[in-house]
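J.: Based on what follows, work out the 3D shape:
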Amino acid sequence: MKLDVDLPDLTSEIFDTLSEGKFLCKNHPNRRYERLYDKCLEYYESLKQYFSVIDIDLINEDDEYFYFGDLKIVDTDNSEINLKLKEFVNYIRFYSILVESYEYFGAGDSFTRADVEQKVIANIALRSKYKKDDKTIRQEIEREIKLFVKNGYIYKIDEKSDKYVALASIARLKDFIGSIKIEDEIFEELEEIVHSGDDNE
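T.: You can find the predicted model right below:
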């Protein structure tokens, strides 16, 4: 099927980035990703039509960020909420740490790894989310930060100070997590279930 659409010269790079499950955000500090975002915004309708031919939905969230709809075939026996919880469980704890540590946390806000670690270790309520010694808490926070960076929710803006900024895509986490109420005990059970197969992989 031949499509008569005007596409940007960076289409393949846009596809490669979004197909990895990442986002293209309006406030990305990296010039390369900023250019890809600009092209997505400028050619949105053409790109949406182009990708739809291979059953991929290019989603534009209020011109703040772009991402591909779910590329995975999901188990239809599971409810949508359980699927979403499985997708987001790895992010819920650390996002809640950021929100509780900084009162409000959203796109453009920044933090350092050391500052987050200090806030968690010094606060009984935050520390209880980990229930581990200081060294392990630091390792867990480092792992969670890497996960957020890898999946395009935050970006490291300063290597020396280990400083990060929240990208516009953080709104996806905020919207979903804000739409559900997860008590600590429920979260712990869910986390245990989701990670129970990790040792077998």
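J.: How much space separates residue 137 from residue 32?
T.: 34 Å (CB to CB, to the nearest Å). (Glycine included, C-beta is placed from N, CA and C.)
J.: Settle it for me: which of these two has more neighbours?
T.: Applying other CB atoms under 10 Å to residue 137 and residue 32 shows that residue 137 carries more neighbours, namely 18 against 11.
J.: per-residue confidence at that one?
T.: Note on residue 137: pLDDT of 90.
J.: go on, residue 46?
T.: Residue 46 is assigned 93 on the pLDDT scale.
J.: which non-adjacent residue is nearest it?
T.: Once flanking residues are discounted, residue 46 sits nearest to residue 5: 4.1 Å by CB to CB, 6 or more residues apart in numbering.
J.: Kindly report the same for residue 140.
T.: Nearest to residue 140 is residue 130, by CB to CB, 6+ apart, at 5.9 Å.
J.: so how far is residue 55 from the one you found?
T.: Counting by CB to CB - residue 130 and residue 55 are separated by 40 Å.
J.: who's more crowded, the two?
T.: Between residue 130 and residue 55, counted using other CB under 10 Å, residue 130 has the larger neighbour count: 18 against 8.
J.: The more buried one contacts residue 138, correct?
T.: No - Residue 130 is not in contact with residue 138 according to CB atoms under 8 Å; the separation is 9.8 Å.
J.: Counting neighbours, what do you get for residue 174?
T.: 16.
J.: secondary structure class for it?
T.: helix (DSSP: H, G, I helix; E, B strand; the rest coil).
J.: What strand or helix carries the closest residue to residue 126 other than its chain neighbours?
T.: The shortest distance from residue 126 to any non-neighbouring residue, by CB to CB, 6+ apart, is to residue 120 (4.5 Å). Assigned by DSSP states H and E, residue 120 belongs to helix 113-122.
J.: Buried residues of that helix, list them for me.
T.: 113, 116-117, 119-121 (16 or more other CB atoms under 10 Å).
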